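>>> next input, structure requested:
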Amino acid sequence: MVIKYSFIYQLSLIFGGLYESVSQKFEIGKAECREKVLTTKNETMKLLITLSTLFISIICNSQNTVIPYKDNVINYSEVVNLDSSYKKNDLYISAKRFFVDAFNSGKDVIQLDDKDAGLVVGKGFFSVIWKANFMYSYDMQVYHIIKVYVKDGKYKFEITDFSYKYFISSSQYMAGGWQEGSLNHWKGHNEDKVFNQIDKEVKNEIIKLKNTMKNKNYSSDF
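Next up, the predicted model:
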């Protein structure tokens, strides 16, 4: 009987040790599993935050440019007040100078020149890149009308009548030729990027115009 109980006691010690060992390994395994789960959760959260930030950035960038419309037509306009030392004739001269400096030509650009009415009208031009798809990009020519009205101490500019023109080379899939039309309701792939470029170019023209109109050093020799 003593031998039997001793054998049972030894077995209990062995199984007890095995149980303790297995329990420890199980606890270690659980801890490692929890750590992996937490690591996975952290990585997932980081990924979600990155994607959310990227998505917000895309949305914000797409909303950065708001092309101004008036009566469903693209229209940039502003009345700029100056001091009384700026006379109508001075501003008229500066307006003509703007077209010469901005477009390297006065005669080819200016379409209406009425000194008595204080009005100078010219046709502006710049180019933007339209990436129509992953294979084709086009040099889009953008035309627009710039009107400058002048009075003593102030002037008004209006930039409108936007149109586009670009050339498509012929291929087995499409007929080539010039494509043109109004930009007021133009739609195309990546159109937001095109209008971003247009807005940037027009605002650069406005800056040039304002700088020119403030300059009193221009000669009246036109």
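
>>> send the alpha carbons of stretch 163-178 over as CSV?
C-alpha atoms of stretch 163-178 as CSV (Å, rounded to 0.1, in the frame of the first residue of the first chain):
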residue,chain,number,x,y,z
SER,A,163,-13.1,79.4,-74.4
TYR,A,164,-10.8,76.5,-75.0
LYS,A,165,-9.0,74.9,-78.0
TYR,A,166,-6.8,71.9,-78.2
PHE,A,167,-5.6,69.5,-81.0
ILE,A,168,-6.1,65.8,-81.1
SER,A,169,-3.9,63.7,-83.4
SER,A,170,-5.7,61.2,-85.6
SER,A,171,-5.4,57.5,-84.8
GLN,A,172,-7.1,54.2,-85.6
TYR,A,173,-9.4,54.9,-82.7
MET,A,174,-10.4,58.5,-83.3
ALA,A,175,-10.4,61.3,-85.9
GLY,A,176,-8.0,64.1,-85.3
GLY,A,177,-8.4,67.8,-85.5
TRP,A,178,-9.0,70.9,-83.4
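
>>> for that stretch, what is the average pLDDT?
Stretch 163-178 shows a mean pLDDT of 84.

>>> stretch 85-105 now?
Average pLDDT, stretch 85-105: 92.

>>> quick one, strands of the chain?
Ranges of strands in the chain, per DSSP state E, are 69-70, 73-74, 76-81, 110-114, 119-131, 137-151, 154-168, 177-182.

>>> could you export the third one as CSV, CA atoms only?
In this case it means strand 76-81. Extracted in CSV, the C-alpha atoms of strand 76-81 (Å, rounded to 0.1, in the frame of the first residue of the first chain):
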residue,chain,number,x,y,z
TYR,A,76,-13.8,87.4,-62.4
SER,A,77,-14.6,91.0,-61.6
GLU,A,78,-13.7,93.6,-59.0
VAL,A,79,-13.9,97.3,-58.4
VAL,A,80,-10.6,98.6,-57.2
ASN,A,81,-10.6,102.0,-55.4
